[in-house]
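*Asks:* What would the 3D arrangement of this be:
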Amino acid sequence: MVRSLKNKWLPLESKLYQLLKNRELQGSRILIALSGGADSVALLSTLHSLSEIFSLKLAVVHFHHGKASTKKQQSYRQNTHEFCENLSRSLNLSFYFGVHTGPVLNSEAELRNARYSFF
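*Replies:* Here you go, the predicted model:
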C-alpha cells in the first residue's frame, strides 16, 4: 500500500512513482504480466496502489505453461494460474491469459521461449 507521506514509501513505491511521474504516464493503460512469483506480485500490488494517484487503467495477463510431465508440476501450474486470476479479480482488474497447447515443456529454456512467444 502506498504511504501517505512520500518519505515513508518503500523503495519500489518511490521508484515507480518517479518513473510514472517522469514519463508522464498519467491516465495510461498498463498490462501487467503476472507469473505469480514475488516480483510480479510486488509490481502488481505497487502499481495498483499508485493507480489512483496516476489514474492508471490496469489489467493483468498470465501465461499458463500447459500440461506438465508430473502431477506435482501440473498441480503447481494450475494453482499458480488460479492464484493469479484470484488476485486480479480481488483487485477488480481484468484478467487475460494464454495456455500453451503444444508439447509438454520441461526445461527452463522451453518455458521461457513459450512465454516470449506468447507475449
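*Asks:* buried set for the lengthiest strand in the chain?
*Replies:* If you go by DSSP state E, the chain has its longest strand at strand 57-64. Of all the residues in strand 57-64, those buried under the rule 16 or more other CB atoms under 10 Å are 58, 60-64. Just so you know, the C-beta spots here come from the backbone N, C-alpha and C atoms, and that holds for glycine as well.
*Asks:* Quick one: distance of the helix ranked longest in the chain to the chain centre.
*Replies:* Counting residues, the longest helix found in the chain (DSSP state H) is helix 71-90. The chain centroid and the centroid of helix 71-90 are separated by 13 Å under CA atoms, centre = their mean, to the nearest Å.
*Asks:* What is that helix packed up against?
*Replies:* Packing partners of helix 71-90 (3 or more CB pairs under 8 Å, 6 or more residues apart in numbering; DSSP states H and E): strand 57-64, strand 94-99.
*Asks:* Let me see the contact set for the spatially closest residue to R29 that is not a sequence neighbour.
*Replies:* Leaving out its chain neighbours, the residue that sits closest to R29 by CB to CB, 6 or more residues apart in numbering is K57, at 4.5 Å. Neighbour list for K57: 27-30, 51 [criterion: CB atoms under 8 Å, 6 or more residues apart in numbering].
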